[in-house]
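S.K.: structure here, sequence nowhere to be found:
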């Protein structure tokens with residue numbers, strides 16, 4: 001019974017805080033992070049993160065990255081890839097340099113500084129899409145350009161993350177060129193083979209049949225875990241493997257009903273658990289216990305916000321967009337969620353980050369996830 005209590009508390013926190021903070025119009029992920037901070041060991045102390053909860057949180061992280069990959073459809077932007085690549089480069093490379101430089105000046109190692117630089121590259125499609133929908137921009141050229149460039153930045157940040165993790169904690173002895181050539185070949189093979197494997201799992205072709213969807217759902221999750229294992233055997237970290245698994249499956253899952261079922265299970269159980277667990281591992285008290293740690297947090301948060309907004313604005317402006325459109329993209333590139341928390345959680349687990357950096361990353365996610373949509377609505 002004692003093993004069930006922490007899990008119940010985490011589930012209850014996900015439901016309770018989502019409803020409580022909804023009245024304040026806070027983003028869903030922010031409410032869960034705050035909820036984890038409140039009920040965690042450094043808050044009210046209702047529970048501690050044990051091995052079981054930590055394992056479920058890691059599953060939630062893989063599902064978070066899987067959903068990020070599943071919602072990445074670069075094929076939808078084939079007509080404007082050159083422009084999007086340019087914008088993504090400007091909006092990713094400059095923040096990376098800023099994040100790396102800030103970290104080096106603060107005295108962090110080159111490895112930790114590079115990981116923080118990777119965080120500065122990424123943005124969050126999951127946070128921006130609702131804002132684009134609410135302003136009616138989701139299907140406009142501006143909306144598509146925003147989503148496409150952010151997807152490219154997320155993919156680039158995860159590729160860099162996989163390279164860094166391979167150097168920090170190598171799983172394969174293959175040289176990197178050979179490793180990534182093998183990875184690319186594997187992705188191509190899986191994109192061809194997975195639809196065939198799913199057909200084998202299917203019992204009927206009648207999509208109105210409930211048994212069809214149950215079998216399809218089980219087959220997707222079986223393929224997810226199996227593909228993650230394949231990527232891990234090649235040497236990819238599970239969070240990167242989860243993203244590329246979703247990326248591989250993105251074009252093979254056509255049913256909107258099935259995608260909605262996957263989204264329901266992912267965002268209904270596993271992903272909220274991850275957010276609450278990450279929040280519970282933050283120690284906000286260290287911010288007012290040391291001026292140095294507070295300075296680190298402020299530099300990381302403001303460095304990310306300013307570098308993402310300005311690089312996004314100028315990248316869009318140079319690409320030929322109007323002044324207002326460039327401001328909107330600058331605001332849209334600010335939110336940091338999936339990759340930020342993935343890097344923070346992984347760095348903390350590997351012993352690369354201490355409690356101060358973990359807490360700084362969580363605060364970065366909370367502040368930027370709230371600020372980005374607010375600025376977009378104001379500019380819209």
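M.R.: Received, thanks. Fair warning: this is a prediction, and the values are worked out from it, not measured in the lab. Numbers count the residues shown, from 1 in each chain.
S.K.: how much space separates residue 124 from residue 70?
M.R.: 15 Å (CB to CB, to the nearest Å). The C-beta positions use only the backbone N, C-alpha and C, and glycine is treated the same way.
S.K.: so where's the stretch 101-250 of the chain shaky on pLDDT?
M.R.: 130, 133-135, 138, 169-174, 176, 194-216, 235 (pLDDT under 70).
S.K.: can you give me the helices for it?
M.R.: Counting by DSSP state H, counting those that start in this stretch, one finds helices in the stretch 101-250 of the chain at the ranges 110-121, 125-134, 141-168, 176-201, 210-234, 238-249.
S.K.: picking that back up, residue 124 and residue 70: which is more packed in?
M.R.: Comparing residue 124 with residue 70 by other CB atoms under 10 Å, the one with more neighbours is residue 124, at 27 against 24.
S.K.: counting neighbours, which bits of the host helix or strand of residue 301 end up buried?
M.R.: Counting by DSSP states H and E, the element that carries residue 301 is helix 291-318. By neighbour count on 16 or more other CB atoms under 10 Å, the buried set for helix 291-318 is 293, 296-297, 299-301, 303-305, 307-317.
S.K.: what's the angle between the very next helix or strand once past that helix and helix 291-318?
M.R.: Sequence-wise, the next helix or strand downstream of helix 291-318 (DSSP H and E) is helix 323-332. Helix 323-332 and helix 291-318 are oriented at 150 degrees to each other (axes from the mean of the first three to the mean of the last three CA atoms, to 10 degrees).
S.K.: tell me the mean pLDDT over helix 323-332?
M.R.: Averaged over helix 323-332, pLDDT sits at 89.
S.K.: figure out how far the helix or strand following it is from the centre of its chain.
M.R.: Sequence order places helix 338-349 as the next helix or strand after helix 323-332, per DSSP H and E. From the chain centre to the centre of helix 338-349 is a distance of 9 Å (CA atoms, centre = their mean, to the nearest Å).
S.K.: ok, now stretch 141-150?
M.R.: The mean C-alpha position of stretch 141-150 is separated from the chain mean by 17 Å, CA atoms, centre = their mean.
S.K.: for that stretch, give me every contacting residue.
M.R.: 74, 76-77, 80, 83-84, 87-88, 91, 123-125, 128-129, 132, 137, 316, 321, 325, 328-329, 332-333 (CB atoms under 8 Å, 6 or more residues apart in numbering).
S.K.: now those residues: which count as buried?
M.R.: 77, 83-84, 87-88, 91, 123-125, 128-129, 132, 137, 316, 321, 325, 328-329, 332-333.
S.K.: and residue 310, what is it in contact with?
M.R.: Counted by CB under 8 Å, 6+ apart, residue 310 has contacts 94, 330.
S.K.: separation between it and residue 94?
M.R.: With CB to CB as the criterion, residue 310 and residue 94 are 8 Å apart.
S.K.: same check, this time on residue 86
M.R.: 13 Å.
S.K.: okay, these two: which has more neighbours?
M.R.: Using other CB under 10 Å, the more surrounded residue of residue 86 and residue 94 is residue 94, with 19 against 15.
S.K.: quick check, that one in contact with residue 313.
M.R.: No. Judged on CB atoms under 8 Å, residue 94 makes no contact with residue 313 at a distance of 11.1 Å.
S.K.: center of the protein - which residue?
M.R.: residue 338 (1.7 Å; CA atoms, centre = their mean).
S.K.: surely it is in contact with residue 124?
M.R.: Yes. Assessed by CB under 8 Å, residue 338 is found in contact with residue 124 at 6.0 Å.
S.K.: quick check: neighbours shared by these two?
M.R.: residue 154.
S.K.: sec struct for the closest residue to residue 266 other than its chain neighbours, please.
M.R.: Computed as CB to CB, 6 or more residues apart in numbering, the closest residue to residue 266 that is not its neighbour in sequence is residue 63, at 4.5 Å. On the three-state scheme (DSSP: H, G, I helix; E, B strand; the rest coil), residue 63 is labelled helix.
S.K.: so residue 63 versus residue 90, what's the distance?
M.R.: Relative to residue 90, and taking CB to CB, residue 63 is found at 31 Å.
S.K.: next up, the contacts around residue 276.
M.R.: Counted by CB under 8 Å, 6+ apart, residue 276 has contacts 10, 13-14, 32-33, 35-36, 39.
S.K.: for residue 295, same thing?
M.R.: So residue 295 contacts nothing (CB under 8 Å, 6+ apart).
S.K.: confidence score at it?
M.R.: 83.
S.K.: just checking, residue 241 touches residue 233?
M.R.: No. Assessed by CB under 8 Å, residue 241 is found out of contact with residue 233, at 9.5 Å.
S.K.: would you mind telling me which of these two has more residues around it?
M.R.: Neighbours per residue, other CB under 10 Å: of residue 241 and residue 233, the larger number sits with residue 241, 26 against 12.
S.K.: report the contact partners of the more buried one.
M.R.: 62, 227-228, 231-232.
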